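[1] Have a look at this prediction, sequence included:
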Amino acid sequence: MGRKLLIHNDKVPNIHTLEVYRAHGGYASVEKALKNMTPDQVTDEVKKSGLRGRGGAGFPTGLKWSFLAKPEGVPRYLVCNADESEPGTFKDRYLMEVIPHALIEGMITSSYALGAKASYIYIRGEYFYVARIVEAAIKEAYAAGWLGKNILGTDFSHDCYVQVGGGAYICGEETALLESLEGKRGNPRIKPPFPAVAGLWGCPTVVNNVETIAAVCPIVMMGGEEYAKIGIGKSTGTKLISASGHINKPGVYEIELGIPVEEFIYSEEYCGGIRNGKKMKAVVAGGSSVPILPTELILKTAKGEPRLMTYESLGDGGFQTGTMLGSGGFIVMDEDTSIVKNLFTFTRFYHHESCGQCSPCREGTGWMEKILKKFLNGTANESDVELLWDIQSKIEGKTICPLGEAAAWPVAAAIRHFKHEFLEIARNKKFVDVSHYNRLNKVTA
Amino acid sequence: MKVTIDGVEIDVPKGTTILQAARMIGPSVAPPAMCYYTKLKTSGGYCRTCIVKVTKGSTANPNPMPKPVASCRTEVMDGMEVQNFTSPEIVEARKGVVEFLLINHPLDCPVCDQAGECKLQDLGYENGSAKTRYEFKRREFEGIDIGDKIKLHMTRCILCYRCVKTAEQITEKRLHGVVHRGDASEISTYIEQVIDNDFSGNVIDVCPVGALTDRTFRFKQRVWFTKPVDAHRNCDKCCGKTRVWLKGEEVVRVTARKDMWDEVEEFICNSCRYDHKKKSDWVIEGPSHISRASVISQGHYEHLNELKVEAMKHQKALGFMDIDKRP
Amino acid sequence: MGAEVHGTQSFDKKKRAEIKFSDAAMAEVKEIISHYPPERIKSALLPVLHIAQAEFGGWLSPETMDYVAEVLRIKPIEVFEVASFYTMFHLKPVGKCTFEVCQTSSCWLNGAEDIVKYIEKKLNIKVGETTRDGMFTLKTAECLGSCGTAPMLQCGASFHENLTYDKVDKLIEKYRSENRLRSYTDKDYQNTL
Ligand SMILES: Cc1cc2nc3c(=O)[nH]c(=O)nc-3n(C[C@H](O)[C@H](O)[C@H](O)COP(=O)(O)O)c2cc1C
Ligand code: SF4
Ligand code: SF4
Ligand code: SF4
Ligand code: FES
Ligand code: FES
């Protein structure tokens, strides 16, 4: 069994209450940090831990914190990115719903390190009930003195608020999130300036993912160096993986970074293998944005080494033969799955979620969806494959925010690894969705 | 700060963007800009036509930038090296951007009031490919009425945000904005409202395409049959310095004066624009020297026939309707 | 998506005059406003729109948006710009219960299409439509963070996961018998797994 640092207590009854959470060692990191450490010492431990952002980009958290501008007399903010909308990702929801205090504890400890007097947890609107749970926990924390004025009798005071979104994936992009938090359309900002200099209401701001912030608590408790011993190389610590698709045991798993992908998919401790005795066809390893890989390449790198659940190993081979850990949204597809149709659901998603500010993404995502629709109608031509490839290449890297890439990469990867499926449909002028029957089985079961 | 663009070096003050530096060098290196507008704060960054390749970040950090950048929103660093027209990659990428801007565009230049002074026409002509690969139905919108002064043709809008920023920064009250999202985004008012306050007419001048046009001018004349003159009057609301478009003795429309980058020199008030349509209202200074950095219009206002020929060639190149078969 | 509220949509001054938050809703709005620095009151817009939608019939009419603008001291166009950006704000009337069935990858892999077809048949409406009795509206949605318990649908605040035809039947029955407006802001959410 791997070590668990974030959701080890998830099965404890009533762990969502302050009383039970506290009885299981909760809020110890706040005590330790506020009483025995300076803010810079907390930041140092986070740096030493090697913790990388769990929202998708994997940027070193300690480094990000050290970029925060600290001009005199200007408030600083910590904003928690709980917009979780990347298809295939549901770990933040699980954490907030089951152990809301783990996030709040992390918010307080992190805010202490950053010198933030107020923080906001921006939760996607669809998770309204989760926001209620987190709000209730915040109320408990205020009542017990973990939030508010002079926490633990120190001169650190902190307020933490929940803000709900309105339904827009793009608000997961940190600057769009800040716009939304300011009561505006979720249009990503043009950078620079970066949030560390001018974020919420123009003030220096750190935006971190739910899981990143929760991970600060164990890091403070065990020390950065100890945390860094878990994992391999620059992939330190534990990571929550949301596993879904055609597997026997979908759900949220906390893994030690570094376990083999094969173990994750087939062991009983995790996904428990492919459902209905089918064979695996492909995996999207890190949320819809990352390149899909066929079975051979997800289990082994192009060099023939076992692929591991780390940022580096999943990325091995670049986009030619590799992918990314991303947000840890792990979607597994069995042998009957149509890659073209799966891609269609992704492309429809990005078209639906494009904010529309910049021309390549606004126009290109819809165009790609229309062409993919032709494949599903059986009216596509072979030349449409080339056209799709060309369109994605003209979106990638030319947009304001990475949603452009997120829309382009899945298209590129599907064509790169499964071109024959596209060509077959184009040649036969017919699309048969074989996966249909397999899916029905589960629905009626 | 020294920056080199397409091999030409120039010294510029700190805070200058790559686009501004390129314009200082001249049209031969300046990237096309559909959304940036010097006089509007926070403009630019949206259309992506001005993208360039930074092959050297600065003397201090000589690494190239990994992706193309929007030159209108990227500040120059000392020692920076930039490729625009000299980079085949950028030329190709820009072709892509132009194609994206055109796939849902109606291409009805022959009936469009903007024809002849349209930035999108220029752009398509200079940076586009000959033929569209888009085979689907173009986007449509229900029209909304924004009053008897300004006509909104939403299908022609490229969502450059210039008019929104103008309304916010130049007029006293912004009544319109961008609503909905993605490719359903559109310019709209909150329920049907007349956009009419002292400076609202400026949205017409900043609009790079025929999405916002002067309703008091519409269908009267195609621009190339009119003669622009610089004129002024004493105005208590604005500078009073305008461009008056004449047909014979008749004033067919009044606009702000524009510089060689097609940006207004000074914003004008609605009174000058709409209420002074007699030649005697104006002190005429002389013919406007229109020196836009564009192939189809450069100097052509003084050579009307050539302009028409150019415009026709250009429309054919884009697969537009033949200008002489217009309804 | 697309043009939903439009210029041609009428604005009823009489209706507008009647719109006012209940005391309870107003108290919630005030609480939300207190979360932000006083000069940043616009930040409350999204949560306040949620409350307004639940309070005034499950959708945001032009009159409601105008009222929200007044409460937050911003321009109506600023409210419209925002309301039309986010998918959770309905700019047209909807049924008492809106079923939003996720159709993205993991849900599709697990039969979301069949669930949509089943509901269409059962309620005799197509996606985007509302039943004649004004009880149900059917919509599709993009990933709602229940991929591991797919297929799923959201109705108001409640998540209904691991759907089967049988579960759908029961849900329809339950909501029909309760016969009340289901909003995202409901405090008595009833998730089913
Ligand atoms: C289109 C888009 C969507 C994103 N969605 C999320 C999200 O839902 N949750 C998240 O934590 N980060 C998301 N991100 C990443 C954030 O921009 C940002 O990198 C992250 O919140 C930083 O936190 P971290 O360093 O703790 O990961 C998204 C980025 C993009 C471009
Ligand atoms: S890439 Fe897409 S989502 Fe991002 S700013 Fe541009 S249009 Fe908006
Ligand atoms: S003149 Fe310009 S705006 Fe008018 S239809 Fe032609 S390209 Fe479009
Ligand atoms: S109407 Fe014109 S100025 Fe306004 S956004 Fe559209 S193209 Fe730009
Ligand atoms: S002019 Fe620079 S992006 Fe439009
Ligand atoms: S794909 Fe349906 S909830 Fe994520």
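    The structure has been received and is ready for your questions. Numbers count the residues shown, from 1 in each chain, chains lettered A, B, ... in the order given. Ligands and ions are numbered 1, 2, ... in the order given.
[2] going forward, measure contacts and count neighbours with C-alpha atoms only.
    OK.
[3] who's in contact with residue 149?
    No chain was given, so I picked chain A. Listed by CA atoms under 8 Å, 6 or more residues apart in numbering or on different chains, the contact set of residue A:149 reads A:155-158.
[4] try again with chain C
    If you count contacts by CA under 8 Å, 6+ apart, residue C:149 has them with A:244, A:250-251, C:161-162, C:193.
[5] ok, now residue A:59?
    Contact analysis of residue A:59 by CA under 8 Å, 6+ apart lists A:52-53.
[6] how does it look with 10 Å?
    A:50-53 (CA atoms under 10 Å, 6 or more residues apart in numbering or on different chains).
[7] Distance-wise, check it relative to residue A:121.
    20 Å (CA to CA, to the nearest Å).
[8] Which of the helices or strands spans residue C:16?
    Taking DSSP states H and E as the definition, residue C:16 sits inside helix C:13-18.
[9] do the same with residue B:245
    In the assignment (DSSP H and E), residue B:245 maps to strand B:241-247.
[10] just checking, next helix/strand downstream of that strand?
    For strand B:241-247, the following helix or strand on the C-terminal side (DSSP H and E) is strand B:250-255.
[11] related to what we said a few turns ago, ok, of the contacts of residue C:149, which come out buried?
    Among the contacts of residue C:149, those that count as buried by neighbour count (16 or more other CA atoms under 10 Å in any protein chain shown) are A:244, A:250-251, C:161-162.
[12] Output these in a markdown table, with secondary structure and pLDDT appended to each entry.
    Formatted as a markdown table, those follow (DSSP: H, G, I helix; E, B strand; the rest coil; pLDDT from 0 to 100):
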| residue | secondary structure | pLDDT |
| --- | --- | --- |
| A:244 | strand | 97 |
| A:250 | coil | 97 |
| A:251 | strand | 98 |
| C:161 | coil | 97 |
| C:162 | coil | 96 |
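[13] ok, back up a step: same list (the contacts of residue A:149) but as CSV, adding distance to ligand 6, secondary structure and neighbour count.
    Formatted as CSV, the contacts of residue A:149 follow (distance: CA to the nearest ligand atom, whole Å; DSSP: H, G, I helix; E, B strand; the rest coil; neighbours: other CA atoms under 10 Å in any protein chain shown):
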residue, distance to ligand 6, secondary structure, neighbour count
A:155, 43, coil, 10
A:156, 39, coil, 18
A:157, 38, coil, 20
A:158, 34, strand, 21
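[14] quick check, nearest of the residues you listed to ligand 4?
    residue A:158 (42.0 Å; CA to the nearest ligand atom).
[15] could you pick out which of the contacts of residue A:149 are near ligand 2?
    Near ligand 2, judged by CA under 6 Å from any ligand atom, there are no entries from the contacts of residue A:149.
[16] Of those residues, which is the nearest to ligand 5?
    Closest approach between those and ligand 5, by CA to the nearest ligand atom: residue A:158, at 40.2 Å.
[17] Quick check: closest non-adjacent residue to the closest one.
    Leaving aside its chain neighbours, residue A:158 sits nearest to residue A:117 (4.7 Å; criterion: CA to CA, 6 or more residues apart in numbering or on different chains).
[18] Residue numbers of the stretch 101-250 of chain A in contact with chain B?
    A:168, A:185-187, A:189-192 (CA under 10 Å from any CA of the partner chain).
[19] I'd like to know how many residues surround residue A:39.
    Residues lying near residue A:39 (other CA atoms under 10 Å in any protein chain shown) number 17.
[20] cool, and the one 10 residues further on?
    Applying other CA under 10 Å, we find 27 residues neighbouring residue A:49.
[21] Name the nearest residue to it, ignoring sequence neighbours.
    Looking at residue A:49 with CA to CA, 6+ apart, the closest residue is residue A:224, at 3.8 Å.
[22] Can you list phi and psi of the one you found for me?
    Taking degrees, to the nearest 10, you get phi -60, psi -40 for the backbone angles of residue A:224.
[23] Give me the neighbour count for it.
    Neighbours of residue A:224 using other CA under 10 Å come to 23.
[24] Nearest to ligand 1 among the contacts of residue A:59?
    For the contacts of residue A:59, the residue nearest ligand 1 by CA to the nearest ligand atom is residue A:53; the value is 3.2 Å.
[25] so who does the closest one touch?
    A:59-62, A:64, A:207-213, A:215, A:326-327.
[26] Can you give the contact residues for the helix holding residue C:16?
    C:61-67.
[27] got the residue ranges for the strands in the stretch 151-300 of chain B?
    Using DSSP state E, counting those that start in this stretch, the strands of the stretch 151-300 of chain B run over residues B:176-179, B:186-189, B:212-214, B:227-232, B:241-247, B:250-255, B:283-287.
[28] Among these, which comes closest to ligand 6?
    Closest to ligand 6 of those, according to CA to the nearest ligand atom: strand B:176-179, at 26.9 Å.
[29] In its sheet, which strands sit next to the closest one, and in what direction?
    If you go by DSSP bridges, strand B:176-179 pairs up with strand B:186-189 (antiparallel).
[30] contacts for the partner strand?
    Strand B:186-189 is contacted by residues A:356, B:141, B:143-146, B:152-155, B:157-159, B:161, B:163-164, B:174-180, B:195, B:211, C:2-3, C:6-7, C:76-78, C:80-81 when judged by CA under 10 Å, 6+ apart.
[31] ranges for the strands of the stretch 51-200 of chain A?
    Using DSSP E, counting those that start in this stretch, strands in the stretch 51-200 of chain A cover A:77-82, A:118-123, A:159-164.
[32] which of these sits most buried?
    Comparing these by mean neighbour count (mean count of other CA atoms under 10 Å in any protein chain shown), strand A:77-82 comes out on top with a mean of 28.
[33] so where's the longest helix in chain C?
    In chain C, with assignment by DSSP state H, the single longest helix is helix C:165-178.
[34] and the residue of chain A found nearest ligand 5, how many neighbours?
    Proximity to ligand 5, evaluated over chain A using CA to the nearest ligand atom, is greatest for residue A:358 at 8.0 Å. Residue A:358: 27 surrounding residues under other CA under 10 Å.
[35] Which residues are in contact with it?
    A:187, A:398-401, A:404, B:45-48, B:97, B:100-101, B:158-160, B:182-183.
[36] So which of these are in helices?
    Using DSSP H, the contacts of residue A:358 in helices are A:404, B:97, B:100-101.
[37] How is the chain divided into domains?
    Looking at chain A here, since you left the chain open. Using automatic domain parsing, the domain parsing of chain A gives A:18-227, A:245-334, A:339-436.
[38] hm, I was asking about chain C
    Chain C breaks down by automatic domain parsing into domains covering C:13-85, C:97-178.
[39] With respect to burial, which of those domains scores highest?
    With neighbours defined as mean count of other CA under 10 Å, these peak in mean count at domain C:97-178, which reaches a mean of 21.
[40] near ligand 6 at all, that domain?
    Yes: using CA under 6 Å from any ligand atom, domain C:97-178 reaches ligand 6 at C:102-107, C:143-147.
[41] Using TSV, lay out the residues you listed together with secondary structure, pLDDT and distance to residue A:240.
    TSV is the format used below for these (DSSP: H, G, I helix; E, B strand; the rest coil; pLDDT from 0 to 100; distance: CA to CA, whole Å):
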residue	secondary structure	pLDDT	distance to residue A:240
C:102	strand	98	23
C:103	coil	97	24
C:104	coil	97	21
C:105	helix	96	20
C:106	helix	96	18
C:107	helix	96	20
C:143	coil	98	18
C:144	coil	98	18
C:145	coil	98	14
C:146	coil	98	15
C:147	helix	98	14
